[in-house]
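Novice: quick one, structure for this:
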Amino acid sequence: MTRRRKIALLALAAVVLSGAVVLRWLLDPAWLVPRILSMAGDVLGMRITAEGAGDYRLRGTPQLVARNVVARDADGDAVILRSERIFISVPWSTLRARGSDLTANRLELDAPVLDMAAFQRWQAKRPPSDTPMPTLSRGIGIVRGQILGNDWKIEALDAELPSLTPGRPLRMRLRGRYAGGELRVPVDVYASLTKPEVGAGVGVVGQITLESAQWRLPSRINLSAKLRGKQGIGLDNAVLSAQSRYVSGDTSLPFALGLAGPLLLSDKTIALQPVGVSLRGQDVMPTLDAAGGLSLADGLRIDLDGDLAGWPSAWPALPPPLGQSNSPLPFALHYDGASDLSGIAALRLQRDRTEFDGRFRLFEIMDWSAAGTKGSPLPPLSGTLTTPKLEVSGAVLEGVELQMEDPSIPASRVPE
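Specialist: Numbers count the residues shown, from 1 in each chain. This is a model prediction of the structure:
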């Protein structure tokens, strides 16, 4: 072998060895995983880091695993998202396309925690973008997730999306539990979008149960709406129907409920404002229609004005001539208190020239109504009834003003 050929072979070996060293360095998880997360962060306007050991696989379908991932706002240190593990698999065709093909197989997040306030701030700063949404042929899986609001959270969140394709209908199953104040709301629903983008039609069906220490409201719901993406998570033109049941001890009262209005989920509140309410009850549950607002933040606020369809037959009979009238029963209801409705509500109710203005605890009244003749003859409330005429035991009373006091209800009125 000539000296020139030996030098050439040594140079080739050096190049091959150097290429192998460089390739090994490029494919080192300690370098590759942070680099890919950094690239993703540049696209999203975030700083994404992984504090745990990463891993990858190139045999078969390429896969990447990042652990203890933290996504921060690019302009500050606010943490938007944490996740114990993020897994993604992509086909070789996507890698060969070098970014021109946004197709992946599967994305998984284990124990992600989303801070709603930080997410809203990041969302508000995002400029309009023409970047297409990626395709995930085998969808997205989320387990043990959390969404954190100001005084509320959604916990034990599991989500499964079989596939995600731009411009195509999206279906998913969602399970989790809302927790805020004294209220817990387990959720198990199926949701669908006409397409995965703002402005899409939304449909949700499944089971939702409102729970407190004293009562439960299991409901089978059906929701339709239009997705709005700014200022938190919003649903325009939301229409919800529910087949529900109030359960407390031995009491079980079925009813149907309808709600209509824009729904907003932000870091500070869940609100339906304005809202239309329709309740169809049986036995002691009333039938009514009303309008106003509902909001759930550090407590629950309800403001409704409407009409009772009639005096329920299972309620204590009204004395004549009040009980003989078929006139409407307009009412105004105000509640501002604990999220489990254990606080005091204010009610104004009218029929003809008779007016009632009082305060009570809602579920105490419901339990008293359900007890019928077995309970106290006097309702657990405080208030004033005024009427121009009342017949009692054959006697006719005129210019009546009746004052009722329940010692368990504070004398001060609920602010209106």
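
Novice: count of neighbours near the closest residue to Gly145 other than its chain neighbours?
Specialist: Excluding the flanking residues, the one nearest Gly145 by C-beta to C-beta, 6 or more residues apart in numbering is Leu157, at 3.6 Å. C-beta: built from backbone N, CA, C; applies to glycine. Look at Leu157: counted by other C-beta atoms under 10 Å, it has 21 neighbours.

Novice: okay, and Leu157 sits in which element?
Specialist: strand 153-161 (DSSP states H and E).

Novice: how about that strand: buried residues?
Specialist: 153-154, 157, 159, 161 (16 or more other C-beta atoms under 10 Å).

Novice: after the host helix or strand of Ser295 comes which helix or strand?
Specialist: Secondary structure assignment for Ser295, by DSSP H and E: strand 288-296. Using DSSP H and E, the helix or strand that follows strand 288-296 in sequence is strand 300-308.

Novice: for Val22, give me the pLDDT.
Specialist: On the pLDDT scale, Val22 is placed at 36.

Novice: please apply the same query to Asp267.
Specialist: On the pLDDT scale, Asp267 is placed at 84.

Novice: tell me the spacing between it and Glu211.
Specialist: According to C-beta to C-beta, to the nearest Å, Asp267 and Glu211 sit 23 Å apart.

Novice: just Glu405 next, same as before
Specialist: 32 Å.

Novice: neighbour count winner among the two?
Specialist: The neighbour comparison of Glu405 against Glu211 (other C-beta under 10 Å) goes to Glu211, with 18 against 11.

Novice: can you get me a residue count around the closest residue to Asn237 other than its chain neighbours?
Specialist: The spatially closest residue to Asn237, leaving aside those adjacent along the chain, is Lys226, at 5.2 Å (C-beta to C-beta, 6+ apart). Burial of Lys226 is recorded as 16 neighbouring residues (other C-beta under 10 Å).

Novice: check contacts around Lys226.
Specialist: Applying C-beta atoms under 8 Å, 6 or more residues apart in numbering to Lys226 gives the contacts 199-202, 235-237.

Novice: now the buried residues of strand 153-161 in a markdown table, with pLDDT and distance to Glu182?
Specialist: Supplementary listing: the buried residues of strand 153-161 in a markdown table, determined by pLDDT from 0 to 100; distance: C-beta to C-beta, whole Å:
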| residue | pLDDT | distance to Glu182 |
| --- | --- | --- |
| Lys153 | 93 | 14 |
| Ile154 | 94 | 17 |
| Leu157 | 95 | 21 |
| Ala159 | 95 | 26 |
| Leu161 | 93 | 33 |
